[in-house]
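Q: here is a sequence together with a model predicted from it:
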Amino acid sequence: MPSTITPQQLFEPRFGARVRARLHHRLLDQALSEGANPAECAEWAARAAELTKRASRERAADELEQLIRFSDRPHRVKMGPHPAAARVNREEMELLAEMLRDDGPLYVRGLARLQVTLSDGAGPVYTDSDGRALARELRHVHAALMG
């Protein structure tokens, strides 16, 4: 059972917690996206600290912009993001990229949900042929980012 961690551990996770958070980022992202409280577990705190860093936000914005660019070009790739889903959701992805690049605060739950969305090879980024499922997921990400 997770115990409450100190404010120091929350905002400056120890080395071991940071290493474990990097190794298990997918599982931690899933837990955080489902509402796990970073104050209850050192690994959740470490992953939350990583997700909120400027560099992590920039990488996520870059990934969204890559999806947009991918949809603009013809590809012979059989595996990859579904171009139609990205094309239909271009405006929402551009808005999310802007939010990530802005200095405004964003909730960890939304940052984690975005990471899950971008990395789930069986999710709507890769499987949605008409863009509706991705649109729904991006609305959830947007709402979670805003709290």
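A: Right, received. Where do you want to start?
Q: please make it C-alpha for all contacts and neighbour counts, starting now.
A: OK.
Q: got the residue ranges for the helices in the chain?
A: Applying DSSP state H to the chain gives helices spanning 7-11, 15-23, 25-33, 42-52, 54-72, 83-88, 90-101, 108-119, 124-127, 132-146.
Q: and the fifth one, what other elements does it pack with?
A: The contact analysis (3 or more CA pairs under 8 Å, 6 or more residues apart in numbering; DSSP states H and E) places helix 54-72 against helix 83-88, helix 90-101, helix 108-119.
Q: who touches stretch 99-115?
A: Contact with stretch 99-115 is made by 29-30, 32-35, 48, 51-52, 54, 57-58, 60-61, 138, 141-147, as judged by CA atoms under 8 Å, 6 or more residues apart in numbering.
Q: how far off centre is that stretch?
A: Relative to its parent chain, stretch 99-115 has a centroid offset of 7 Å by CA atoms, centre = their mean, to the nearest Å.
Q: that stretch: which residues count as buried?
A: Residues of stretch 99-115 classed as buried by neighbour count (16 or more other CA atoms under 10 Å): 99-101, 106-115.
Q: quick check, nearest of the residues you listed to Ser129?
A: Minimum distance to Ser129 across the buried residues of stretch 99-115 is 19.4 Å, recorded for Leu114 (CA to CA).
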